[in-house]
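1. everything below, folded, please.
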Amino acid sequence: MSGINYKIINLETIEEAVYNLCFKANVYLNKNSYSKILSEYKSSKDKSQKEILANILKNAKLAYDLKRPLCQDTGQVLVFLEIGQEVIISGGDLKEGVNRTVQKCYCDNFFRKSVVINALFDRTNTKTNTPAIIYTDIVEGDKIRIDVLIKGAGSENKSSVIMALPTSTKEEIKDLIVNSVLSSGLNSCPPLFIGIGIGQTLEGSAVLSKKALLKNEMSEEEKEFSQLIKKELNNKAPNEYKGIYTLDVKMLSSSTHIASMPVGITINCHSLRELGCEIDGNKITYDETITDFEEIKETEESGKEVFTGNSSEVRSLKEGERVLLTGEIYVARDEAHKRMYALMKENKPLPIEIKNKIIFYAGPCPSKPGEITGPIGPTTAGRMDRYSFDLYKRGLLGTIGKGQRSPELRECIRENRGVYFSMQGGIASLVKQCVKRAEIIAFPELGAEAIYKLYVEKMPVLVDIAP
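-> Reported below is the predicted structural model:
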């Protein structure tokens, strides 16, 4: 150990950095992401696409002004630590410190807590958004690099690892990636940022794909391959997103076993919530976030106003219409639907009257003092398909969510003269402005998954399925 000048970094400095990274990543869109979305907005000639991109940009400015999250799903916190081998961390246990800090940030700032105790055996919410997922690398030097990635479930659920044949060609690997991403459709909140990891092992390729989202450095081969994937994704995208489905593709490739070709694919929505910093002694230097917003020309509210209490008017709507919903709606998502389904199977009364009512699939952030609701937006509707048949058969008027419904449920909705409204995802601070009253009316112990009653005014939706 003689001759080496070790640098001591106190755990308190690391905790300060993690706290600020968690806050900024959730609230401030990073500069690189903003510039890519703004560029697409300026160049787009399609009115519908321009409106989608304008909403994202306006949501970013509103989140910045309100100091509230870009998306209601404030996600699973991933912390990537690169610790210089000449660093000594003093002042406590690193893992405990990181988790303690994540909890404090999420509680202090009324972010949504979305982590459960055990994936299979105990899905009770920890109410702290911990434990965080922590990856640690030991590198050369006497500094610490910290990157935080906030990963929402909508896009994460569409991510994958493919164990391809070791003899696969570049063209075959490209096709596997493109087909996998396109299979997510609109459920992953496009426009998308895609991270690709190729090599190592099954789990190693998945971690590589997440690290790829944090890096700007790629080899020339990786850059060329990434651009081919992006081009093909945008050419083959659903019509309404053709050309803007994918904002960027980044990749990292590595060594692997002679018999393996692991391909990790991380899909991230348009809010790429990642931010990093470097710690040198007690000095923290943060990456840039967007602070200089360009004015987005106001677009007219598209669609006619429709009142949720007028069931005959709702049922007269046509597929493809853009409308502005006003009136009372319920909010319920996965766990609330699971409980209602159990009650129906036992012939017990439901906690809400569903006939001629509309359910919004959402889980809002907690309200700050003085707020009607925290940021709120749609979750993936398809996860509720299994529970929705009986609800529509019992007279449910409509549902609101993001993404597609199964062909079988689409038929059921039409047969029962119901409606499904789709809503643009990832603009939660913008949507919260439509909410004028809110109250929890069932399952309060579920927190974000409780059943709420909202009164909304001119909430923008698209009629996806109609009688």
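
2. got any ranges where the stretch 201-350 of the chain has weak pLDDT?
-> Where the stretch 201-350 of the chain drops to pLDDT under 70, the residues are 298-301.

3. what segments of it are helices?
-> 202-214, 220-236, 311-315, 334-345 (DSSP state H, counting those that start in this stretch).

4. could you say what helices and strands the third one packs with?
-> With contacts taken as 3 or more CB pairs under 8 Å, 6 or more residues apart in numbering; DSSP states H and E, helix 311-315 sits against strand 304-307. Bear in mind the C-beta positions are built from the backbone N, C-alpha and C, glycine included.

5. would you mind listing the buried residues in the strand it packs on?
-> Buried residues in strand 304-307, counted by 16 or more other CB atoms under 10 Å: Val306.

6. what about Gly447, is that helix, strand or coil?
-> helix (DSSP: H, G, I helix; E, B strand; the rest coil).

7. burial count for it?
-> For Gly447, the neighbour count with other CB atoms under 10 Å is 17.

8. count the neighbours of the residue nearest to it when sequence neighbours are not counted for me.
-> Spatial nearest neighbour of Gly447, excluding adjacent residues (CB to CB, 6 or more residues apart in numbering): Asn125 at 5.7 Å. By other CB under 10 Å, 18 other residues sit near Asn125.

9. am I right that Asn125 is in contact with Ala450?
-> No: applying CB atoms under 8 Å as the test, Asn125 and Ala450 come out as separate, 10.9 Å apart.

10. quick one: low-confidence ranges for the stretch 1-150 of the chain?
-> If you take pLDDT under 70 as the line, the stretch 1-150 of the chain has these spans: 1-3.

11. for Phe160, give its distance to Arg405.
-> One correction, residue 160 is Ser, not Phe. 22 Å (CB to CB, to the nearest Å).

12. who does the longest strand along the chain touch, helix- and strand-wise?
-> In the chain, assigned by DSSP state E, the strand with the most residues is strand 451-465. Applying 3+ CB pairs under 8 Å, 6+ apart, we find strand 451-465 packed against strand 322-331, helix 407-415, strand 419-422, strand 435-442.

13. chain center to the third one, what's the gap?
-> In terms of CA atoms, centre = their mean, to the nearest Å, the gap separating the centre of strand 419-422 from the centre of its chain is 20 Å.

14. can you give me the buried ones in the very next helix or strand once past that strand?
-> Downstream of strand 419-422, the first helix or strand assigned by DSSP states H and E is helix 428-431. The neighbour-count check on helix 428-431 (16+ other CB under 10 Å) flags Ala428, Ser429, Leu430, Val431 as buried.

15. average pLDDT for helix 428-431?
-> The pLDDT scores in helix 428-431 average 96.

16. what do you get for stretch 180-188?
-> pLDDT averaged over stretch 180-188 gives 93.

17. one step back: tabulate the helices and strands packed on strand 451-465 (JSON lines), appending distance to Ser260 and mean neighbour count.
-> Listed next are the helices and strands packed on strand 451-465 as JSON lines, based on distance: least, CB to CB, whole Å; neighbours: other CB atoms under 10 Å:
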{"stretch": "strand 322-331", "distance to Ser260": "45", "mean neighbour count": "20"}
{"stretch": "helix 407-415", "distance to Ser260": "36", "mean neighbour count": "15"}
{"stretch": "strand 419-422", "distance to Ser260": "39", "mean neighbour count": "25"}
{"stretch": "strand 435-442", "distance to Ser260": "49", "mean neighbour count": "15"}
